[in-house]
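*Asks:* What shape does this take:
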Amino acid sequence: MPRLTFPVAVHLFLVKDNKILLLRRFNTGYEDGNYSVIAGHIDGGEDVFTAMIREAKEEAGISIQHDNLHAIQAMHRKKADEERIDYFFKCSKWDGNITIMEPDKCDELIWVEIDNLPCNIVDYVRAAIVNYMGNNQFTIYGWQQTSANDFYLVSPSSGHENQYQEMMDEWEAHQAQYGGWFNPGALRRYSSSQKRTVTYAEWLKWIEDDRKAGQELYFFMSGEKIIGAITIRPKKNAQNIGLDGHCGFGIRPSERKKGYATKMLNMALPIMKNHGINPVVITCDKDNIGSAKVIQNCGGLLVNEITSEKTGNPVQVYHINL
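*Replies:* Coordinates of the predicted model:
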């Protein structure tokens, strides 16, 4: 049986002042109109560092010294029937002015806040950036099976529509039988003002508007399956955060009691730290024993108990010091 061979690519995170450089793909036939980073395949007879330095020159017109290039992540990726190995590098020091060198393949270069990425970014690149923020150095992406390294946080995009709908159908069936609420609430697509369920594309616009207003939604994924979701509200004043707290999270019914909520919250904490949040404030109803255990498993300390004006129920307030 012949040995398996597949493409190897390199990707560059140019980072300065908490911003990352993105390029918009154009006229390539792959993910056109979406943002990615400086990237390319390795040529024969060169190592990955040499390939990354070459690609930076070819695509952005900059020169990078080997000592200023740092390997930060590897990804074993599967798409359809193809496998790939992707290497990711970080660089904060280079020579030359950043310029579009391949206008037939790229029509825009922009600097964006690394914790406020645009919605139209290539999915696996977004996953790599989120993993970089969480100090994860190895990722398995696009595989159906679950492994210890097969979990990641990613912002919703058009490519998640089928998995999102599958999760919500499961959640609605569970809710109809057992009651309860969707959590986080940002998953809901019903518009009370329009008295209808908006389309997935309209919902994505909501999520992008929320992000600009200060609330971020991430899917917690295993391979291509959505396991749950978490919202992050990067308000820095712990005294005025109220009953909502800095985040809210939930796991789809079929994946509960497997430790996934704890894993998801732990993966989100570095993102909140990057926002300057400390302590992280998380609240839950006093009778929500499961959520309380998740918060405690992530280092949460009970600091207060208050009564919700909306429901009259006691609510526990936890702090996680980062």
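*Asks:* Listing request: residues of the stretch 101-250 of the chain with sub-threshold pLDDT.
*Replies:* 144-150, 179-180, 235-242 (pLDDT under 70).
*Asks:* Do a quick rundown of the helices in it.
*Replies:* 123-133, 161-178, 200-213 (DSSP state H, counting those that start in this stretch).
*Asks:* Out of the ones you listed, indicate the one that is most buried.
*Replies:* helix 123-133 (a mean of 22; mean count of other CB atoms under 10 Å). To be clear about C-beta, it is placed using only N, CA and C from the backbone, and glycine gets the same treatment.
*Asks:* just to revisit the earlier point, now tabulate the helices of the stretch 101-250 of the chain in a markdown table and tack on distance to Lys90.
*Replies:* Putting the helices of the stretch 101-250 of the chain into a markdown table (distance: least, CB to CB, whole Å) gives the following:
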| stretch | distance to Lys90 |
| --- | --- |
| helix 123-133 | 7 |
| helix 161-178 | 30 |
| helix 200-213 | 24 |
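*Asks:* Report the buried residues of stretch 297-312.
*Replies:* 298-300 (16 or more other CB atoms under 10 Å).
*Asks:* and if you look at stretch 97-113?
*Replies:* By 16+ other CB under 10 Å, the buried positions in stretch 97-113 come out as 98, 100, 106, 109.
*Asks:* Show me which of those is closest to Thr199.
*Replies:* Cys106 (30.1 Å; CB to CB).
*Asks:* I figured Pro156 hits Leu217, correct?
*Replies:* Yes - when contacts are counted by CB atoms under 8 Å, Pro156 is listed as touching Leu217 (6.2 Å).
*Asks:* Which one's more surrounded, these two?
*Replies:* Comparing Pro156 with Leu217 by neighbour count (other CB atoms under 10 Å), the higher total belongs to Pro156, at 23 against 20.
*Asks:* any idea how far Thr139 is from the spatially closest residue to Ala51 that is not a sequence neighbour?
*Replies:* Nearest non-adjacent residue to Ala51, counting by CB to CB, 6 or more residues apart in numbering: Ile42, 4.1 Å away. The gap separating Ile42 from Thr139 is 19 Å, by CB to CB, to the nearest Å.
*Asks:* Gln163 too?
*Replies:* From Gln163 to Thr139 the distance is 18 Å (CB to CB).
*Asks:* I'd say Val122 and Gly33 touch.
*Replies:* No - look at Val122 against Gly33 with CB under 8 Å: they stay out of range, at 10.5 Å.
*Asks:* Common neighbours of the two, please.
*Replies:* Shared contacts of Val122 and Gly33 (CB atoms under 8 Å, 6 or more residues apart in numbering): Arg25.
*Asks:* Isn't Cys106 up against Phe26?
*Replies:* Yes - the criterion here is CB under 8 Å, and Cys106 meets it with Phe26 at 5.6 Å.
*Asks:* Overlap in contacts, Pro156 and Leu217.
*Replies:* Ile207.
*Asks:* need the contact list for the closest residue in space to Ser157 that isn't next to it in sequence.
*Replies:* Excluding the flanking residues, the one nearest Ser157 by CB to CB, 6+ apart is Asp123, at 5.8 Å. Asp123 sits next to 154, 157, 159-160 when contact means CB under 8 Å, 6+ apart.
*Asks:* could those residues go into TSV alongside neighbour count and distance to Gly276?
*Replies:* Output for the contacts of Asp123, formatted as TSV (neighbours: other CB atoms under 10 Å; distance: CB to CB, whole Å):
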residue	neighbour count	distance to Gly276
Val154	23	22
Ser157	18	26
Gly159	15	31
His160	19	28
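*Asks:* So for the chain, which residue is the most central one in space?
*Replies:* Val154 (2.7 Å; CA atoms, centre = their mean).
*Asks:* returning to what we had before: between Ile42 and Thr139, which has more neighbouring residues?
*Replies:* Neighbour count, other CB under 10 Å: between Ile42 and Thr139, Thr139 has more, with 23 against 19.
*Asks:* Provide a list of residues in contact with the nearest residue to that one once chain neighbours are set aside.
*Replies:* Ranked by CB to CB, 6+ apart and with sequence neighbours excluded, the top spatial neighbour of Thr139 is Met75, at 4.4 Å. Met75 makes contact with 84-88, 124, 127-128, 138-141, according to CB under 8 Å, 6+ apart.
*Asks:* Check His246 too.
*Replies:* Contacts of His246 by CB under 8 Å, 6+ apart are 232-235, 272, 277, 280-282.
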